[in-house]
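J.: take this sequence and fold it.
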Amino acid sequence: MIWLFWAALLVIAVWLIWIYNGLVALRHQIENAWKQIDVQLKRRYDLIPNLVETVKGYMQHEQDTLQKVIDARSRAMASTGVKENAEAQTALTQSLGQIFALMENYPDLKANQNVLRLQEELTTTENQIAFARQYYNDLVMRYNMKQEVFPSNVIAGFFRFQPSEFFSVPEAERAVPRVSLKLSLLF
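T.: Model prediction:
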């Protein structure tokens, strides 16, 4: 009978260790996923000055837009925390989008091989950032959910595990753009 007690105690101990180690592993995976986002963001930060320098000569009348990109890059590089970083990255993405939209007005610029290469590299990097963010958010969801479901919530609470923050799009970005198809008639 004493053997059953010790066997049950051993099974419970192994089970508690397994849950604890699972929470620790998820926490480290989240940290790693965040670092992977940092790697992609560093690549993005390195490409932006090259793009700005390349288009600067063509876009003499667009210096304000170029300065906005440089300022947004600086704010993004200085951001800390998930929420602040998400907001800064959104602003940077928008300012880069403005440059790409303005480039349509410059045929010589659109044909420049350096600009095309930088644009392709930035596009690839943006896609990699999006995938890295998605992976990070998937891990955060698993980690936070594991902290909320029974019985792992008991262990998470006892060892003071804290929920992680999702990398979310700011509220302004969620708004659906309005498109007006009204035709104005001139009389």
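J.: skipping its backbone neighbours, what lies nearest the one residue sitting closest to the centre of the chain in space?
T.: Geometric centre of the chain, nearest residue: R133, 4.2 Å, by CA atoms, centre = their mean. Ranked by CB to CB, 6 or more residues apart in numbering and with sequence neighbours excluded, the top spatial neighbour of R133 is F167, at 5.0 Å. In short, each C-beta sits where N, CA and C put it, glycine included.
J.: could you look up the SS state of that neighbour?
T.: coil (DSSP: H, G, I helix; E, B strand; the rest coil).
J.: for it, give me phi and psi.
T.: phi -90, psi 100 (degrees, to the nearest 10).
J.: list the contacts for it?
T.: Counting by CB atoms under 8 Å, 6 or more residues apart in numbering, F167 touches 37, 82, 85-86, 133, 136-137, 140.
J.: what about the lengthiest helix in the chain, distance to the chain center?
T.: For the chain, the longest helix by residue count, based on DSSP state H, is helix 2-56. Centroid separation between helix 2-56 and its chain, computed with CA atoms, centre = their mean, to the nearest Å, is 15 Å.
J.: from V69, how far out is the residue nearest to the centre of the chain?
T.: 21 Å (CB to CB, to the nearest Å).
J.: same check on F166?
T.: 27 Å.
J.: neighbour count: these two, which is higher?
T.: V69 (22 against 15; other CB atoms under 10 Å).
J.: give me the mean pLDDT for the helix or strand where the more buried one lies.
T.: Take DSSP states H and E as the rule and V69 turns out to sit in helix 63-78. Helix 63-78 comes out with an average pLDDT of 90.
J.: that helix vs helix 2-56, what angle?
T.: Counting by axes from the mean of the first three to the mean of the last three CA atoms, to 10 degrees, helix 63-78 lies at 160 degrees to helix 2-56.
J.: what sits up against helix 63-78?
T.: 41, 45, 48-49, 52, 55-56, 59, 85, 88-89, 91-92, 94-96, 98-99, 102.
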